[in-house]
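>>> I'd like to go over a predicted model; first the sequence, then the structure.
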Amino acid sequence: MLPDEQTTPEQIAIFRQMTPERRLWLAEQLYWSAREIQASWLRAQHTDSSEERIAREVTRAFTDART
């Protein structure tokens, strides 16, 4: 992890003050944003692909993702 990607003590304090529901909501928003970024990248790379194929590829990419 790069130094500017590390969580600051201030961010940690803010996260700890959040309810579990709020943290879950934020995680869900991050997930859907990441899927949309992936779809946008695929559209730019494969301009002739249908939206159905883009959606399948995004699903495949997220299903096969590893941490």
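Structure received.
>>> the longest helix in the chain is where?
Secondary structure assigned by DSSP state H gives helix 20-45 as the longest helix of the chain.
>>> buried ones in that one?
38, 39, 42 (16 or more other CB atoms under 10 Å). (Each C-beta comes from the backbone N, C-alpha and C, glycine too.)
>>> which helices and strands does the next helix-or-strand element following that helix pack with?
Downstream of helix 20-45, the first helix or strand assigned by DSSP states H and E is helix 51-63. Here helix 51-63 touches helix 20-45, going by 3 or more CB pairs under 8 Å, 6 or more residues apart in numbering; DSSP states H and E.
>>> residue 20 and residue 13: what is the separation?
Residue 20 sits 16 Å away from residue 13, going by CB to CB, to the nearest Å.
>>> what is the neighbour count of residue 59?
12 (other CB atoms under 10 Å).
>>> that one: what's it in contact with?
Not one residue lies near residue 59 by CB atoms under 8 Å, 6 or more residues apart in numbering.
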